[in-house]
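> need a structure here:
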Amino acid sequence: MPATAKKTTSKTSNRKAPAKAGAAGAAKPENKLAKLGLHSDMDLALHLPLRYEDETTLMSIAEASMRGLQTVQVEGVVTACDVQFRPRRQLVVTVGDDSGQLVMRFLNFYGSQTKQLAEGTRVRVRGELRHGFFGAEMVHPQYKVVNEGAPLPDVLTPVYPAGEGLSQAFLRKSIASAMSRIDWQDTLPPSMLETLKLAAFEPSVRLLHNPPPDVDEHALVERSHPAWIRMKFDELLAQQLSLKRAQAARRAKTARALPVTGRVTADLIKQLPFKLTGAQERVLEEIRADLRHSFPMQRLLQGDVGSGKTVVAALAAAQAIDSGFQAVLMAPTEILAEQHFRKIAAWMEPLDVGVAWLSGSQKKKEKTEALAHIESGAARLVVGTHALIQDTVQFENLGLVIVDEQHRFGVGQRLALRNKSFNPAEADNATVPHQLMMSATPIPRTLAMTYYADLEVSVIDELPPGRSPIVTRVIDQNRRDEVIERVHAAALEGKQIYWVCPLIEESEALQLQTATDTHAALSAALPDLNIGLVHGRMKPVEKQIVMEGFSRGAVHVLVATTVIEVGVDVPNASLMVIEHAERFGLSQLHQLRGRVGRGSAASVCLLMYQGPLGGTAKERLATMRETTDGFEIARRDLDIRGPGEFLGARQSGDAMLRFADLATDQWLVEKARDTAQALLQHAPDIVERHLARWLGGKEDYLKV
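Purely as a prediction, here's the structure:
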């Protein structure tokens, strides 16, 4: 079965000491499984294979040697087992059969393997066979000790997603045990399965865990087999049901209507040094309409880098203030939060609106004063970091919550901020604030429809006039000296420069140019320029001093890590250099590039890379060179990374889709959405059973 074997090669050839890994997992198996989100028997049954390995056939070593680069399985007897120390410590094992011999090479190994693979031991070896200096070899192949004549499996072997200390053998045993105990009753009635042309649940799950010999391999690998279609549909249906119920629950809650656009709103618009774009006015009217309702707004405001989301947020806050309520804006980093505070305070304070600042780095006296102003209501607008969700923060009458870069906060953090207006005595009928979430990462329509079905979405799809286009160039790291010369020339012309590095200090794993080294090297190479340095481990006051120097033009070049990814607004900065650009994701590169092009001067972004480049890195850099359209970049990013990574699932809680692929399964999304609507109206018992099976207790934590 070469198609399957080829598909599974790279993932399986680096597994170490399976016996020991299994023993480690056995120490506290429930903890190891819990880390994978496997708490119940049904969780285990729905922990489906990532891929399959074909261990059903054997070939001779000579035949395998002629196959080229593909995964093969051979069997032979160990004729030599030695630990070698040149060019580095490694275990080298020679295996032979009647047709020839090959070498198994382990760069990472346990001492016990030398005994396990002693001369005369018969082993079955599976991996990618290459031709090295000493002939045929496999690096870190899978192997197992067998007796002569041991039978081969007659089904494909599943390979499951696993965590540290969990062997495949332990997972297979746990899953098989769980499947003997679960309730297999189908959540969907036979008539619905027939109408939707879906396979039944139990046979689908059993087939995916133990594919029969005559299975359509291609359909299995590509996840187009009817069993996979059923799993994808069930998963999408659970998601659509939960999101629609979340939307209904939100509309059942009460919120204070914020209907007034009065003095603060009018004066703020008058004093703005620019005119709102048509797109800003459109989304502002959508937000204003939501705020007039007595059920909570839950709106996502998306806009490309530099599209002017902050002023829209400020005007939404003005409406809350005009209506007699407080507003709060939370940002994920202190630099971004402080940028918002400075900008919005400069607009609001001349209007006699109290604006408070709250962050974890504040001195005790400043924090105490801020907390008092917030609780008394003297502060009508509060800006800060996650310090806002601490128990000590109490609002007088919070009406509007604004969360910037919302995907970078955990679900629990967003929930804690929303709950700041709850009155514990009225927990059953709590009044919640309106919520406006902002993101500079445009969400493709397909993704928004699937992941944000319980949100209204507003899009600022127009940049303010006068913004200069950004030219992006991709340049080899070997031309570093030319880049430094270009930086020097730009600084002498009065321009300012960002120089972005991916790491703060030296790492053996990733030999990248670090921010501290780069700062030292540029300071030495350009002694006539003032070179600043900002990174995440600096004290906030130190970062603030450097950023203020850059903002007022005293710092010519700012060497920084990705702490400047969002929120930094210096119109005179028109050149950006990103080192090791191949190490960054597309969304992050786009966010970083958005720090330039904010003034009238022509702007340039230089992406320095270190070759050789892999396929994904080439795609990313080509995309950055070809377009500055955030929505096009988001679309390509979704294609490259998939929805879980795109949305920052690690920050947002459990990834909602494990099996469905939005790039190919859009037809299933629409079918699941229509089915969810019908079930919610006519079959509440089916809804409960289906959600219990697929989401368990996770439903309450969806998309806050």
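> From now on I want contacts and neighbour counts done on CA atoms only, so please keep to that.
Noted.
> is it true that Glu632 lies in a strand?
No - counting by DSSP: H, G, I helix; E, B strand; the rest coil, Glu632 is not part of a strand but helix.
> how close does it get to Glu405?
To Glu405, Glu632 is 19 Å away according to C-alpha to C-alpha, to the nearest Å.
> how about the helices in the stretch 501-650 of the chain?
Listed in chain order, the helices of the stretch 501-650 of the chain (DSSP state H, counting those that start in this stretch) span 515-525, 540-551, 586-593, 615-626, 630-641, 643-646, 649-652.
> What's the mean pLDDT across the fifth one?
Helix 630-641 shows a mean pLDDT of 75.
> Go through it and flag the buried ones.
Buried residues in helix 630-641, defined by neighbour count with 16 or more other C-alpha atoms under 10 Å: 630-631, 633-638, 640.
> Low-confidence ranges, the stretch 351-500 of the chain, go.
In the predicted model, the stretch 351-500 of the chain carries pLDDT under 70 at residues 406-430, 442-454.
> Recalculate using a threshold of 90.
Residues of the stretch 351-500 of the chain that meet the criterion pLDDT under 90 lie in 359-363, 385-393, 403-432, 437-470.
> for Gln247, helix, strand, or coil?
Following three-state DSSP, we place Gln247 in the helix state.
> What's the local residue count around it?
Residues lying near Gln247 (other C-alpha atoms under 10 Å) number 16.
> That one contacts Arg299, correct?
No - in this structure Gln247 lies outside contact range of Arg299 using C-alpha atoms under 8 Å: 11.5 Å.
> Can you check which residues contact both of the two?
Leu455 (C-alpha atoms under 8 Å, 6 or more residues apart in numbering).
> tell me the pLDDT at Thr195?
We have a pLDDT of 94 for Thr195.
> element containing it?
helix 190-196 (DSSP states H and E).
> thinking again about what came up before, which of the helices of the stretch 501-650 of the chain is buried the deepest?
helix 586-593 (a mean of 23; mean count of other C-alpha atoms under 10 Å).
> Give me the residues contacting that one.
Contacts with helix 586-593, where a contact means C-alpha under 8 Å, 6+ apart, come from 305, 440-441, 562, 564-566, 576, 581, 605, 620, 624, 628, 630, 633-634, 637.
> And for stretch 496-503?
Contacts of stretch 496-503 (C-alpha under 8 Å, 6+ apart): 487, 490-491, 512-515, 553, 555-562, 572-580, 583-584.
> mind listing which of those are in strands?
Using DSSP state E, the subset of the contacts of stretch 496-503 located in strands is 557-560, 573-578.
> Format those residues as JSON lines; extra columns: neighbour count, pLDDT and distance to Val155.
Putting those into JSON lines (neighbours: other C-alpha atoms under 10 Å; pLDDT from 0 to 100; distance: C-alpha to C-alpha, whole Å) gives the following:
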{"residue": "Val557", "neighbour count": "29", "pLDDT": "96", "distance to Val155": "61"}
{"residue": "Leu558", "neighbour count": "24", "pLDDT": "94", "distance to Val155": "59"}
{"residue": "Val559", "neighbour count": "26", "pLDDT": "93", "distance to Val155": "56"}
{"residue": "Ala560", "neighbour count": "26", "pLDDT": "89", "distance to Val155": "54"}
{"residue": "Ala573", "neighbour count": "27", "pLDDT": "90", "distance to Val155": "61"}
{"residue": "Ser574", "neighbour count": "26", "pLDDT": "91", "distance to Val155": "60"}
{"residue": "Leu575", "neighbour count": "27", "pLDDT": "95", "distance to Val155": "58"}
{"residue": "Met576", "neighbour count": "27", "pLDDT": "95", "distance to Val155": "55"}
{"residue": "Val577", "neighbour count": "24", "pLDDT": "96", "distance to Val155": "53"}
{"residue": "Ile578", "neighbour count": "25", "pLDDT": "94", "distance to Val155": "49"}
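> nearest to Val78, of the residues you listed?
Ile578 (50.7 Å; C-alpha to C-alpha).
> and the closest one, how far is that from Ile389?
As judged by C-alpha to C-alpha, Ile578 and Ile389 stand 34 Å apart.
> And for Gly532?
The value you get for Gly532 to Ile389, if C-alpha to C-alpha is used, is 32 Å.
> between those two, which one's more packed in?
Gly532 (23 against 20).
> Nearest residue to that one in space, please, no chain neighbours.
Leu558 (4.7 Å; C-alpha to C-alpha, 6 or more residues apart in numbering).
> Run through the bridge partners of the one you found.
Note on Leu558: beta-bridge partners by DSSP bridges are Tyr498, Gly532.
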